[in-house]
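Asker: Could you look at this predicted model? Sequence included:
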Amino acid sequence: MKKLIFVMLILPVFFGLRQDIIAQGEAAVVYLLIAPDARASGMGETGTGLADGSAAMFWNPAGLAFLDGMDFSFTHSPWLPQFHLDLSYEYATFYTYLEELSGTISSSITYFNYGEFNRTGEDSPEILGVFRSYEAALTLGYATKLSSDWGLGLNFRLFHSRLADKPTGAEKGEGVATSVSFDIGGMWRPQELDLPLIGEFGDRLSIGANLSNIGPKIWYIDRAQADPIPTNFRLGFATRIIQDEFNSLTYTLDFSKLLVTKRDSATGKQPDEFYEAIFTAWADQSFGEEIRDIVTSMGLEYWYGTPGDFMFALRAGFFYEDPSFGNRKFVTLGVGARYDMYGVDFSYITTDLFKDGENHPLNNTLRFSVTVGWDKTPNPKGFPRGI
């Protein structure tokens, strides 16, 4: 059980829950915050404004409204390998455009494996049994265009958390919880846009917003110990800086904020319900602290090649979180390739450039994704329709 306790303590550091929330244990199922795909991970973990692949379900489901054809992708990542904990993360997603629904339907499966644990007594090291711990989620989505420039996306999610198979000591509940949540996203991607001093910029600028993990609190032991799930707001921008027959360069910028309020142990006040925290979490501290609580990330992606033929990509990004609100700072690197209907992507996170970075749980994180896509229409003018 000591191994499981260690895992539960170290994971919030990786996901960047702010320090006061970590201290109070206020957010559960934080694996729902994981950036799932290697492509966006190589771009500083950005994607809210870009969202032009199957992983748009996570970053911004509204991005799927601008895609055609269909696509399947799978991501694998060994988690915290430096701790030798046998943790791993898997993410599979699929989308297809259906003309009869005037939109795109999508689905994804998330699985976080915490490994195998020995069950021991409260006051004894004697091994009483062995169990596996994991968390998983099934998400279904629909996205459609409200107009030629505007997209709307919705996700519904069923998630399950199995931290233990039996209660500890005199506790009545087990370490198992199941609940639901939903996401709503919007995107503006103008087909025609005349910018002063720049000229025509249509289909080369995209702005998106996503409110994810909206849902009730969950509990493992009893309702009195319920914790909120990590409701998160993201605002993202993407712009195609260079676009010609063989080359493209895209810049992305994301801002995100966790919309969770903390339990006040002095007064006994419980965390706000999700429909309250969506508003109150913006003003539960000073204005300066609210600004510092916003996470900033940015990335660049360069593609060389012809859509539909062979293409390869180079990616880089930077992720910053204020030292008082999680203190995640890292550089990301990534590469990718597409040939016909097949694609592969790799990403790498390093914290070595920062103080104490070598010992940070994020250091040397790898992700690997494979993609297969059908019936996609190349878009030589600007953003691809499902890359």
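Answerer: Good, I have the coordinates.

Asker: What are the boundaries of the helices in the stretch 251-387 of the chain?
Answerer: 274-280, 287-292 (DSSP state H, counting those that start in this stretch).

Asker: I'd like to know the average pLDDT value across the first one.
Answerer: If you average the pLDDT over helix 274-280, you get 89.

Asker: list the buried ones in that helix?
Answerer: Neighbour counts over helix 274-280 (16 or more other C-beta atoms under 10 Å) mark Phe274, Ala277 as buried. For the C-beta atoms, the positions are set from N, CA and C on the backbone; glycine is no exception.

Asker: before we move on, what about the last one?
Answerer: The neighbour-count criterion (16+ other C-beta under 10 Å) identifies Arg292 as the buried residues of helix 287-292.

Asker: remind me which residues of the stretch 201-350 of the chain are low pLDDT?
Answerer: Counting by pLDDT under 70, the ranges of the stretch 201-350 of the chain that qualify are 263-268.

Asker: so where's the stretch 1-150 of the chain uncertain?
Answerer: Along the stretch 1-150 of the chain, the parts satisfying pLDDT under 70 run over 1-26, 82-84, 118, 120-128.

Asker: Okay, helices next: where are they in it?
Answerer: All helices of the stretch 1-150 of the chain, identified by DSSP H, counting those that start in this stretch, fall at 2-15, 19-24, 38-41, 56-59.

Asker: related to what we said a few turns ago, and the helices of the stretch 251-387 of the chain as a markdown table, adding distance to Arg189?
Answerer: As requested, the helices of the stretch 251-387 of the chain are exported to a markdown table (distance: least, C-beta to C-beta, whole Å):
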| stretch | distance to Arg189 |
| --- | --- |
| helix 274-280 | 25 |
| helix 287-292 | 28 |
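
Asker: Any idea which of those gets closest to Trp79?
Answerer: For Trp79, the closest of these is helix 274-280, at 26.8 Å, according to C-beta to C-beta.

Asker: now the closest one, how far from the centre of its chain.
Answerer: Put simply, helix 274-280 sits 20 Å off its chain's centre (C-alpha atoms, centre = their mean, to the nearest Å).

Asker: C-alpha coordinates for that helix, CSV please?
Answerer: Extracted C-alpha coordinates of helix 274-280, given in CSV (Å, rounded to 0.1, in the frame of the first residue of the first chain):
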residue,chain,number,x,y,z
PHE,A,274,-19.1,22.4,-10.2
TYR,A,275,-21.9,24.8,-11.3
GLU,A,276,-20.8,27.3,-8.7
ALA,A,277,-17.0,26.8,-9.1
ILE,A,278,-17.2,27.6,-12.8
PHE,A,279,-17.8,31.2,-11.6
THR,A,280,-16.4,31.4,-8.1
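
Asker: Glu99 is nearest to which of the helices of the stretch 251-387 of the chain?
Answerer: Closest among the helices of the stretch 251-387 of the chain, using C-beta to C-beta: helix 274-280, at 34.6 Å.

Asker: And the closest one, what does it pack against?
Answerer: With contacts taken as 3 or more C-beta pairs under 8 Å, 6 or more residues apart in numbering; DSSP states H and E, helix 274-280 sits against strand 205-214.

Asker: ok, then the element right after the strand it packs on?
Answerer: Proceeding N to C from strand 205-214, the next assigned helix or strand is strand 232-243, under DSSP states H and E.

Asker: Flag every buried residue along that following strand.
Answerer: For strand 232-243, burial by neighbour count (16+ other C-beta under 10 Å) applies to Asn232, Phe233, Arg234, Leu235, Gly236, Phe237, Ala238, Thr239, Arg240, Gln243.

Asker: same deal with stretch 75-94?
Answerer: 75, 77, 79-80, 85-89, 91-94.

Asker: likewise stretch 191-205?
Answerer: Neighbour-count burial for stretch 191-205 [16+ other C-beta under 10 Å]: Leu193, Asp203, Arg204, Leu205.
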